[in-house]
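> Turn this into a structure:
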Amino acid sequence: MLDNRTLYEKNVQDRNQLRYLIGLIVRWKQNFKYARARRIARKRGATIGEGVIMPISLAKRANSNLTIGNHSSIQTNKIDIRSSVTRKPCHHWSRNRNYHNIT
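You can find the predicted model right below:
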């Protein structure tokens, strides 16, 4: 019988429960860390959307000048927040899955 699954599908579907639980714990730990960063930044007065990924060091420096849209990722804390900083999500990429035909 032919197996029409891709190699990725085989690896994911054939893993045992221990591997699944280890992966779940790792993802939960990362999610907790990012949720904590969002909570710290909001407490300090920043406007932070949902699903934002940002370092805790930036969250601790955040103030009311920092605005980050939903589902954005910031990988640095070297942002000058003495003046207003706005990071909006790039909806263009999420709507258009055909990246090669972008004008």
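> Quick check: buried residues in the one helix or strand residue 59 maps to?
Element membership of residue 59 [criterion: DSSP states H and E] is helix 56-61. The neighbour-count check on helix 56-61 (16 or more other CB atoms under 10 Å) flags 58, 59, 61 as buried. Backbone N, C-alpha and C define where each C-beta goes, glycine included.
> repeat for stretch 67-78
Neighbour-count burial for stretch 67-78, with 16+ other CB under 10 Å as criterion, is recorded at 68, 69, 72, 74.
> coming back round to it: and the very next helix or strand once past the helix holding residue 59, average pLDDT?
The first helix or strand that comes after helix 56-61 along the chain, using DSSP H and E, is strand 66-68. Averaging pLDDT along strand 66-68 gives 91.
> strand partners of strand 66-68, parallel vs antiparallel please.
Paired with strand 66-68 in the same sheet, following DSSP bridges, are strand 47-48 (parallel), strand 85-87 (parallel).
> Could you provide these in TSV, with additional columns for distance to residue 26?
Shown next, in TSV, are those (distance: least, CB to CB, whole Å):
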stretch	distance to residue 26
strand 47-48	24
strand 85-87	27
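> Out of those, point me to the one whose mean pLDDT is lowest.
Mean pLDDT is lowest for strand 85-87 among the strands paired with strand 66-68, at a mean of 82.
> How far off centre is the longest helix along the chain?
Longest helix in the chain, counting residues (DSSP state H): helix 17-43. Centroid displacement of helix 17-43 relative to its chain, using CA atoms, centre = their mean, to the nearest Å, is 11 Å.
> May I see the buried residues of it?
Applying 16+ other CB under 10 Å to helix 17-43 flags 34, 37, 38, 40, 41 as buried.
> Tell me which other helices or strands that helix touches.
Applying 3 or more CB pairs under 8 Å, 6 or more residues apart in numbering; DSSP states H and E, one finds that helix 17-43 makes contact with strand 47-48, helix 56-61.
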